[in-house]
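>>> I need the structure of the sequence given here:
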Amino acid sequence: MTEKEKAAAGLLYDNNNDPQLVRERNYCKSLCFEYNHLNPLELHKREALIRKIVARSDGPFVIEQPFYCDQGYNIEFGSNFFANHNLIVLDAAKVAFGDNVFIAPNCGFYTAGHPLDVEQRNEGLEYAYPITVEDNVWIGGNVVVLPGVTIGAGSVIGAGSVVNRDIPPGVIAAGNPCRVVREITEADRDKYRTRRI
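Residues are numbered from 1 along each chain as shown. As a prediction, this is how the structure comes out:
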């Protein structure tokens with residue numbers, strides 16, 4: 001079993017010394033470097049390059065520069081995806097974003113983790129568990145999403161949260177660790193509605 005296959009299976013794998021993973025990671029980082037140095041007005045070049053980096057991107061999307069990821073081929077964006085500045089996706093495992101996902105600045109999605117055992121950690125071993133962000137999710141600024149987490153459809157994650165467990169659909173969740181604050185209700189639908197004369 002290759003180190004890449006171990007990673008996909010959720011087993012400990014050597015991400016630091018495996019030639020294939022190092023080569024793929026360096027290639028992806030070179031594409032991210034190129035993307036981050038494009039003129040922001042070069043929208044067509046930006047879109048073409050992101051589509052070259054990630055595994056799948058359905059429909060329109062915007063990813064503000066800078067953007068960083070490790071492999072790229074484990075990332076999927078749904079339609080109408082928006083990420084503000086400084087999105088970081090450590091995609092040693094699959095990271096799937098649904099449709100209409102909005103991400104504020106300085107957010108990180110980290111599939112990789114390291115063993116608690118110091119000897120295994122010092123060998124350079126790590127594990128990777130997938131992250132799923134379902135449709136219509138809004139993630140506030142400076143949020144960190146940890147390995148193995150699913151965020152349910154229609155939920156909102158408050159700024160500064162550390163999401164270390166699954167979040168159900170249709171709720172507001174916040175904090176460190178991130179916890180459900182309350183359900184999103186009909187009253188929330190009218191909260192910001194402007195009156196028309």
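>>> what about this protein, any weak spots by pLDDT?
Within the chain, the stretches with pLDDT under 70 are 194-197.
>>> which residues in it form helices?
3-8, 19-36, 43-53, 118-122, 186-190 (DSSP state H).
>>> which one, of those, ends up nearest to Asn106?
helix 19-36 (14.8 Å; Cβ to Cβ). Every residue, glycine included, has its C-beta placed from N, CA and C.
>>> grab the nearest non-local neighbour of Leu87.
Excluding the flanking residues, the one nearest Leu87 by Cβ to Cβ, 6 or more residues apart in numbering is Phe67, at 5.1 Å.
>>> surely that neighbour touches Phe81?
No. At 11.8 Å, Phe67 and Phe81 do not qualify as touching, with contact defined as Cβ atoms under 8 Å.
>>> who touches stretch 20-28?
Applying Cβ atoms under 8 Å, 6 or more residues apart in numbering, the contact partners of stretch 20-28 are 2-4, 7, 13-16, 53, 69-73.
>>> emit the PyMOL select command for whichever of those residues are buried.
Selection of buried members from these for PyMOL, criterion 16 or more other Cβ atoms under 10 Å:
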select buried, resi 3+4+7+13+15+53+69+70+71+72
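>>> quick one: end-to-end distance for stretch 157-165.
One end of stretch 157-165 sits 12 Å from the other (Cα to Cα, to the nearest Å).
>>> equivalent analysis for stretch 67-75, please.
13 Å.
>>> ok, residues contacting it?
Here stretch 67-75 has contacts from 24-25, 28-29, 31-32, 35-36, 50, 53-56, 83, 86-95, 97, 111-112, using Cβ under 8 Å, 6+ apart.
>>> what do you get if the cut-off is 6 Å, keeping everything else the same?
24-25, 28, 32, 53-55, 87-91, 94-95 (Cβ atoms under 6 Å, 6 or more residues apart in numbering).
>>> including distance to Ile63, could those go into JSON lines?
Formatted as JSON lines, the contacts of stretch 67-75 follow (distance: Cβ to Cβ, whole Å):
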{"residue": "Glu24", "distance to Ile63": "20"}
{"residue": "Arg25", "distance to Ile63": "19"}
{"residue": "Cys28", "distance to Ile63": "14"}
{"residue": "Cys32", "distance to Ile63": "10"}
{"residue": "Ile53", "distance to Ile63": "9"}
{"residue": "Val54", "distance to Ile63": "9"}
{"residue": "Ala55", "distance to Ile63": "14"}
{"residue": "Leu87", "distance to Ile63": "6"}
{"residue": "Ile88", "distance to Ile63": "12"}
{"residue": "Val89", "distance to Ile63": "10"}
{"residue": "Leu90", "distance to Ile63": "16"}
{"residue": "Asp91", "distance to Ile63": "14"}
{"residue": "Lys94", "distance to Ile63": "18"}
{"residue": "Val95", "distance to Ile63": "13"}
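>>> farthest pair within those residues?
Top of the distance list for the contacts of stretch 67-75 (Cβ to Cβ): Glu24 and Leu87, 19.7 Å.
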